[in-house]
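Peer 1: Give me the fold of what follows.
(one chain, ligands or ions: 1)
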Amino acid sequence: PLETTEIGVEGMTCASCAGRVERALAALPGVEEAAVNLATHRATLRHAPGTPDRTAMEAAIRRAGYEPAPGP
Ligand code: 9UX
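Peer 2: Alright, predicted model coming up:
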């Protein structure tokens with residue numbers, strides 16, 4: 001079964017920011033679905049078990065220009 005991971009995303013100020021982060025996360029191998037909530041500064045990923053790992057998720061957020069933060 002897929003796993004669900006939530007991760008904070010700081011620095012997003014408009015809907016296009018959220019779209020950038022969604023695309024960056026969705027492009028990672030193993031990710032089935034990525035949704036970013038601009039209002040709550042949180043990304044929710046549905047992904048293969050253990051893949052990608054949290055470090056890879058954080059790196060993708062940084063590459064997109066934003067800052068990862070702890071989940072809930
Ligand atoms: Mo919106 Mo975000 O104009 O980096 S894309 S602020």
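
Peer 1: how about the strands of this structure, start to end?
Peer 2: 3-10, 31-37, 42-47, 67-69 (DSSP state E).

Peer 1: Reformat those strands as a markdown table; add distance to Glu58 and mean neighbour count.
Peer 2: (C-beta placed from N, C-alpha, C; glycine too.) What follows is the strands of the chain, written out as a markdown table (distance: least, CB to CB, whole Å; neighbours: other CB atoms under 10 Å):
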| stretch | distance to Glu58 | mean neighbour count |
| --- | --- | --- |
| strand 3-10 | 7 | 16 |
| strand 31-37 | 14 | 17 |
| strand 42-47 | 11 | 20 |
| strand 67-69 | 4 | 16 |
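
Peer 1: how about the ones you listed in CSV, adding distance to the ligand and mean pLDDT?
Peer 2: What follows is the strands of the chain, written out as CSV (distance: least, CB to the nearest ligand atom, whole Å; pLDDT from 0 to 100):
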stretch, distance to the ligand, mean pLDDT
strand 3-10, 11, 98
strand 31-37, 12, 98
strand 42-47, 15, 98
strand 67-69, 12, 97
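
Peer 1: what about those, which gets the closest to Ala18?
Peer 2: strand 31-37 (4.3 Å; CB to CB).

Peer 1: so what does the closest one touch, helix or strand wise?
Peer 2: Secondary-structure packing of strand 31-37 (3 or more CB pairs under 8 Å, 6 or more residues apart in numbering; DSSP states H and E): helix 15-26, strand 42-47.
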